[in-house]
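>>> pasting the sequence and the predicted coordinates here, then a few questions.
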Amino acid sequence: LRYLTAGETHGPQLTAIIEGLPSNLQLDFEELNFQLQRRQKGHGRGRRMQIEKDTAKIVGGVRHGRTTGAPVAIVVENNDWKHWTSVMNIEPIEGGEEAKRRVHRPRPGHADLNGGLKYNLKDLRNVLERSSARETAARVAVGAVARQLLAAFGIKVAGQVIRIGSVVAPPNNLSADELARLTEESPVRVVDKETERQMMELIDQTKADGDSIGGVVECIVEGVPVGLGSHVQWDRKLDGRIAQAVVSINAFKGCEIGIGFEAGALRGSQVHDEIMYDQGRGFYRATNRLGGFEGGMTNGMPIVVRGVMKPIPTLYKPLRSVDIDTKEPFTAQVERSDACAVPAASVVMEHVVAWEVAKAFMEKFGGDSMEEIRANYDNYLAQVERY
Ligand code: EPS
């Protein structure tokens with residue numbers, strides 16, 4: 001299972017191609033668009049989200065509601081494109097820098113300068129158009145398909161915001177269903193109402209100050225069988241792959257599995273999850289501090305992953321930078337932006353994690369059709385039960 005995305009934030013569309021999906025996966029298109037719309041919401045989003053109404057247009061690999069086994073191609077159109085048809089034209093256009101909206105002042109914290117130097121581009125727009133977090137719309141569309149594959153086997157994914165700036169949500173131990181239901185009602189995707197109020201207040205204050213704010217999001221995956229991923233080779237460890245996927249989300253700077261960094265402060269006896277056995281349940285762990293992983297493999301407990309998002313670097317407040325033409329210092333120009341996109345990033349993280357789990361699931365249970373995967377899956381579960 002693999003995918004690629006293409007497309008610029010102010011170009012005509014985002015495009016994704018998923019390769020390796022089995023045939024006969026029944027797709028719920030409404031559910032797919034629901035996931036895309038979840039990503040668009042959240043207190044702290046900027047004006048761009050009022051322009052977009054993200055929907056997934058499937059243009060390959062699906063017929064009469066089911067996958068055929070062929071690559072699935074998905075398009076998410078940019079409504080904002082109509083304002084950028086000339087600037088983002090594929091063909092050469094007449095006019096100078098103004099007409100092309102050339103960018104020569106790199107923004108600190110963005111890909112602008114590194115991308116310009118690396119690709120030898122003197123118009124930094126060529127970098128920022130692709131490095132924009134708009135691309136995560138395509139990743140959510142892809143992850144939403146993966147999520148439906150997982151759902152067919154009873155695997156559920158949910159997420160929540162657990163920190164925005166200095167405001168931290170109290171811990172909870174909710175099921176994926178409860179978490180999904182409760183966070184959906186919150187403009188900042190938290191369960192606790194007092195935390196929600198404080199987070200919204202902090203976002204408003206930060207925005208009024210011309211600044212931005214980051215946070216921490218958490219994702220859980222429930223119903224995962226034991227043995228996804230493998231201890232035998234570094235690049236087969238599923239926790240490692242999840243970490244890569246999480247840190248690849250725009251503005252993410254770190255990932256924790258289970259108690260994560262806290263494990264560095266505790267003793268072994270306070271960290272490791274004791275092994276239990278029950279006739280009906282089989283092997284299980286008394287606690288889940290390791291977030292569902294030992295040896296890079298799932299242990300059958302829910303996967304718990306956290307990711308940290310830095311504050312968005314596009315600021316109304318000026319930061320110092322250097323013009324690439326004159327090499328003179330300047331303080332950044334004002335750009336349209338989100339003051340806080342942590343709630344949206346929580347939705348993105350659910351989807352990149354769902355993708356990695358689905359990929360590992362396909363490696364383990366293989367098969368070209370849903371029926372074949374089902375047979376492999378049932379056979380394996382019976383083997384684990386007999387063990
Ligand atoms: C983004 C800047 C803003 C955000 C955008 C990500 O867009 P614009 O430059 O058009 O104002 O709205 O996010 C999205 C478009 C999206 O769909 O999430 C950036 O620079 O990363």
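Arrived safely. Numbering: from 1, shown residues only.
>>> up against the ligand, what does the stretch 251-387 of the chain have?
Counting by Cβ under 6 Å from any ligand atom, the stretch 251-387 of the chain comes close to the ligand at Thr314, Arg336, Ser337, Asp338. C-betas here are computed from N, CA, C, even on glycine.
>>> among these, name the buried ones.
Of the members of those, the ones counted as buried by neighbours, 16 or more other Cβ atoms under 10 Å, are Thr314, Ser337, Asp338.
>>> could you find the closest non-adjacent residue to the first one?
In other words, Thr314. If the residues on either side of it in the chain are set aside, Thr314 comes closest to Ser337, at 3.7 Å by Cβ to Cβ, 6 or more residues apart in numbering.
>>> which SSE is that neighbour in?
Ser337 is located outside every helix and strand, with elements delineated by DSSP states H and E.
>>> quick check: phi and psi at it.
Backbone torsions for Ser337, taken as degrees, to the nearest 10, come to phi -160, psi 180.
>>> how about it, what does it touch?
Taking Cβ atoms under 8 Å, 6 or more residues apart in numbering as the contact definition, Ser337 lies against Gly46, Ser212, Ile312, Thr314, Leu315, Tyr316.
>>> farthest-separated two in these?
By the measure Cβ to Cβ, Gly46 and Leu315 form the most distant pair in the contacts of Ser337, at 12.1 Å.
>>> which one of these two is surrounded by more residues?
Neighbour count, other Cβ atoms under 10 Å: between Gly46 and Leu315, Leu315 has more, with 20 against 17.
>>> that one touches Gly210, doesn't it?
Yes: using Cβ atoms under 8 Å, Leu315 is in contact with Gly210, at 6.6 Å.
>>> Gln383 versus the residue nearest to Thr314, what's the distance?
Computed with Cβ to Cβ, to the nearest Å, the distance linking Ser337 and Gln383 is 52 Å.
>>> so Gly292 touches Gly258, yeah?
Yes: because the distance of 7.2 Å satisfies Cβ under 8 Å, Gly292 is recorded as touching Gly258.
>>> between those two, point out the one with more neighbours.
Gly292 (26 against 22).
>>> ok, back up a step: of the residues of the stretch 251-387 of the chain next to the ligand, which is the nearest to Ile18?
Once Cβ to Cβ is applied, the member of these that ends up nearest Ile18 is Asp338, at 27.5 Å.
>>> tell me the contacts of the closest one?
Asp338 makes contacts with Gly44, Arg45, Gly46, Arg48, Met49, Ser212, Ile312, Ala344, as judged by Cβ under 8 Å, 6+ apart.
>>> so the second one: helix, strand or coil?
When the structure is split into helix, strand and coil by DSSP: H, G, I helix; E, B strand; the rest coil, Arg45 lands in coil.
>>> let me see the confidence value for the closest residue to it other than its chain neighbours.
Nearest-residue entry for Arg45: Asp338, 5.0 Å, with adjacent residues in sequence omitted and distances by Cβ to Cβ, 6+ apart. According to the predicted model, the pLDDT of Asp338 comes to 88.
>>> got it, and Gln333?
What the model reports for Gln333 is a pLDDT of 62.
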